[in-house]
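# structure here, sequence nowhere to be found:
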């Protein structure tokens, strides 16, 4: 009987211990929140952007009145030409025997938009920069500036004539007159492209062949839409016809970006520009940071980017990925990784069709919850996007663009 | 002696069954094992569809994870009583996997969880 009692007590103790043990286990919940080893790192640098270029297109009556006033002014140059005259000489590659000269200041006017193939010689610096014009005195020179009321091109033309040039013309309607024709588009400069990349308001389109050129190196954030495949692949362009499109290719002699720009205008896009200096100018300015497409190593969970790899990409090639911070704008303002753009889930859902298919996309937030939600939204709406990842970790974003990242347990 | 041995065997068997039942109940009674990240999106998607149908005014879910405790969420999903959520048409279309994902999301952000969450 005593033996029986002892065994009963032993079993009771084992039973209670089991209950306590399993009870403790059941209280453990998988939350994904963790705060262990914290490491600090920094993001890439970006610059602030100016407001978008305004294209000063006034109504017809006002326009004509302004033209008449200029024609009557005593300061005007004697040889005035119109848009059709200028158009003849705007060719790619640039026409021989012609120089088109923008007399406006380089910053901020010329960089934001100028007549394709034109060079910039600000009127105030004409004497210093006149050497940029070939010495052949029979050369056709066309000066322009900011429209009928702008005197800069008239003054510069007068100086050029004084230097002995015999075929000097002023396109008095100037840059506003050029873009007034809906079939015309402006060229923009390197600084403008850089600013717009930082502002994230532009779709930058590489018109060169994909394998031979784009895949070997391209401007960060650009998508590949080879001019030869434009009709087949123009679905990559945004639906919003007011969206800023900037095309580029292999420099001043390259026609591809100009041809694509004309095709885009024909499709109905209203805000089309060409970065005529193209990839060679970018490479010269920023080095050959080839933007080969990284394919991330995932962790064991679906869509979760390995943290070490994430840090490596940010340290070495931040521009090779589209980094989307899915927090709300007020949180983003408090601090964010410098190369990140801000799109919370609502905004991202509206723009999801515009996400590039040929660029690695990485989603971040402060815990992995919102970026994870965004990941599954993209997978649901754009299942063809295979290079999309999110960082499932606690991230603290600092005001200076640095961040700390805590690995989940 | 024979009676004692029989009583002992019966007692051990009963205890073994009781312990197994208790352990099983505690270990598997509603511990969510789905994908909470995916569940968050699926949960919102339910309300987006529901709003488009006109039953609710906003695509923002009407119940937050932190509106209930873990135990309360467990009960909701054990009994499959989704009346509080409205949008029964959309809830009815969810697969068992979707439900497990949503449960995981809600449970992980419950009021008494380490990381209480709203639907932000």
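In hand now; what should we look at? None of these values were measured; they are calculated from a predicted model. Residues are numbered from 1 along each chain as shown, chains lettered A, B, ... in the order given.
# from now on I want contacts and neighbour counts done on CA atoms only, so please keep to that.
OK.
# Provide a list of residues in contact with residue B:69.
B:107, B:110, B:111, B:112, B:113 (Cα atoms under 8 Å, 6 or more residues apart in numbering or on different chains).
# isn't the first one up against residue B:65?
Yes. The pair residue B:107 and residue B:65 qualifies as a contact (Cα atoms under 8 Å) at a distance of 6.7 Å.
# hmm, back to that, narrow the contacts of residue B:69 to those in strands?
Applying DSSP state E to those, no entry is found in strands.
# before we move on, the earlier item: settle it for me: which of residue B:107 and residue B:65 has more neighbours?
Neighbours were counted for residue B:107 and for residue B:65 using other Cα atoms under 10 Å in any protein chain shown; residue B:107 has more, 32 against 26.
# secondary structure element for the nearest residue to residue B:43 once chain neighbours are set aside, which one?
Excluding the flanking residues, the one nearest residue B:43 by Cα to Cα, 6 or more residues apart in numbering or on different chains is residue B:102, at 6.0 Å. If you go by DSSP states H and E, residue B:102 is part of helix B:96-108.
# which parts of that helix are buried?
Under the neighbour-count criterion of 16 or more other Cα atoms under 10 Å in any protein chain shown, helix B:96-108 has B:98, B:99, B:100, B:101, B:102, B:103, B:104, B:105, B:106, B:107, B:108 buried.
# in TSV, list these along with pLDDT.
As requested, the buried residues of helix B:96-108 are exported to TSV (pLDDT from 0 to 100):
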residue	pLDDT
B:98	93
B:99	93
B:100	93
B:101	92
B:102	94
B:103	93
B:104	92
B:105	92
B:106	93
B:107	92
B:108	88
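# and of those, the nearest to residue A:113?
For these, the minimum distance to residue A:113 (Cα to Cα) is 50.2 Å, reached by residue B:105.
# for residue B:99, see how far away the closest one is.
10 Å (Cα to Cα, to the nearest Å).
# find residues that contact each of the two.
Going by Cα under 8 Å, 6+ apart, residues that sit against residue B:105 and also against residue B:99 are residue B:39.
# and the residue nearest to residue B:43, how far from residue A:134?
In terms of Cα to Cα, residue B:102 sits 71 Å off from residue A:134.
# and the helix holding residue B:102, what does it pack against?
Taking 3 or more Cα pairs under 8 Å, 6 or more residues apart in numbering or on different chains; DSSP states H and E as contact, the helices and strands that helix B:96-108 lies on are helix B:36-53, helix B:70-79.
# out of the ones you listed, deepest packed?
Neighbour counts (mean count of other Cα atoms under 10 Å in any protein chain shown) averaged over each of the helices and strands packed on helix B:96-108 peak at helix B:36-53, with a mean of 20.
# what mean pLDDT does it have?
Average pLDDT, helix B:36-53: 92.
# just to revisit the earlier point, dump the helices and strands packed on helix B:96-108 into TSV; add distance to residue A:229 as well.
Formatted as TSV, those follow (distance: least, Cα to Cα, whole Å):
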stretch	distance to residue A:229
helix B:36-53	36
helix B:70-79	52
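# hmm, back to that, between the helix holding residue B:102 and helix B:36-53, how many degrees?
Interaxial angle of helix B:96-108 relative to helix B:36-53 (axes from the mean of the first three to the mean of the last three Cα atoms, to 10 degrees): 110 degrees.
# so what touches helix B:96-108?
With contact meaning Cα under 8 Å, 6+ apart, helix B:96-108 is reached by A:29-31, B:32-40, B:42-43, B:64-66, B:69-70, B:73-74, B:77, B:113-116.
# pLDDT at residue 8, what is it?
Went with chain A since none was named. Model confidence at residue A:8 (pLDDT) stands at 55.
# looking at chain B here, not the other one
For residue B:8, the model assigns a pLDDT of 76.
# circling back: out of the contacts of residue B:69, show me where the pLDDT dips lowest.
residue B:113 (82).
# what is whichever strand or helix holds residue A:127 packed up against?
Following DSSP H and E, the helix or strand that holds residue A:127 is helix A:126-129. If you count contacts as 3+ Cα pairs under 8 Å, 6+ apart, helix A:126-129 packs onto no helix or strand.
# what's the first helix or strand after it?
strand A:140-144.
# quick one: strands adjacent to that following strand?
The pairing partners recorded for strand A:140-144 under DSSP bridges are strand A:98-102 (parallel), strand A:167-171 (parallel).
# so which of those strands is nearest residue A:245?
Nearest of the strands paired with strand A:140-144 (Cα to Cα): strand A:98-102, 22.8 Å.
# ok, and what's touching the helix or strand that the closest one is followed by?
Using DSSP H and E, the helix or strand that directly follows strand A:98-102 along the chain is helix A:111-112. For helix A:111-112, contacts defined as Cα under 8 Å, 6+ apart pick out A:53, A:187, A:188, A:189, A:190, A:191, A:192.
# tell me the pLDDT of residue B:31.
At residue B:31, pLDDT is 67.
# and stretch B:93-109, how far from the chain's centre?
Relative to the centre of its chain, stretch B:93-109 is centred 7 Å away, using Cα atoms, centre = their mean, to the nearest Å.
# name the SS class of the residue of the stretch 101-250 of chain A found nearest chain B, please.
Across the stretch 101-250 of chain A, the shortest distance to chain B (Cα to the nearest Cα) belongs to residue A:239, at 22.3 Å. Following DSSP: H, G, I helix; E, B strand; the rest coil, the label given to residue A:239 is coil.
# for it, grab phi and psi.
Residue A:239 has phi and psi values of phi -70, psi -30 when expressed as degrees, to the nearest 10.
# count the neighbours of it for me.
11.
# next one: it from residue A:267, what distance?
Counting by Cα to Cα - residue A:239 and residue A:267 are separated by 11 Å.
# again with residue A:133
From residue A:133 to residue A:267 the distance is 37 Å (Cα to Cα).
# cool, residue A:256 as well?
Following Cα to Cα, the distance that separates residue A:256 from residue A:267 is 17 Å.
# what's the answer for residue B:40, then?
Counting by Cα to Cα - residue B:40 and residue A:267 are separated by 39 Å.
# try residue A:84
Taken as Cα to Cα, the span from residue A:84 to residue A:267 is 23 Å.
# sorry, back to before: please pick the buried ones from the contacts of helix A:111-112.
Buried among those by 16+ other Cα under 10 Å: A:187, A:188, A:189, A:190, A:192.
# please flag which of these sit within helices.
Among the buried ones among the contacts of helix A:111-112, DSSP state H puts A:190, A:192 in helices.
# from the buried ones among the contacts of helix A:111-112, list the ones also adjacent to chain B.
Among these, no residue sits close to chain B (Cα under 8 Å from any Cα of the partner chain).
# redo the buried ones among the contacts of helix A:111-112 as JSON lines? Include distance to residue B:56.
JSON lines is the format used below for these (distance: Cα to Cα, whole Å):
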{"residue": "A:187", "distance to residue B:56": "49"}
{"residue": "A:188", "distance to residue B:56": "48"}
{"residue": "A:189", "distance to residue B:56": "50"}
{"residue": "A:190", "distance to residue B:56": "49"}
{"residue": "A:192", "distance to residue B:56": "45"}
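# what is the burial count for residue 112?
Reading this off chain A. If you count neighbours by other Cα under 10 Å, residue A:112 ends up with 22.
# try again with chain B
15.
# got a list of what it touches?
Counting by Cα under 8 Å, 6+ apart, residue B:112 has contacts B:66, B:69, B:70.
# quick one: the first one from chain A, how far?
Here the distance between residue B:66 and chain A works out to 13 Å (Cα to the nearest Cα, to the nearest Å).
# residue A:70 - nearest residue in space that isn't next to it in sequence?
Nearest residue to residue A:70 in three dimensions, chain neighbours excluded: residue A:148, at 5.8 Å (Cα to Cα, 6+ apart).
# number of nearby residues for that neighbour?
A count of nearby residues for residue A:148, using other Cα under 10 Å, gives 24.
# try residue A:248
30.
# does it touch residue A:207 like I think?
Yes. With contacts counted by Cα under 8 Å, residue A:248 reaches residue A:207, the gap being 6.0 Å.
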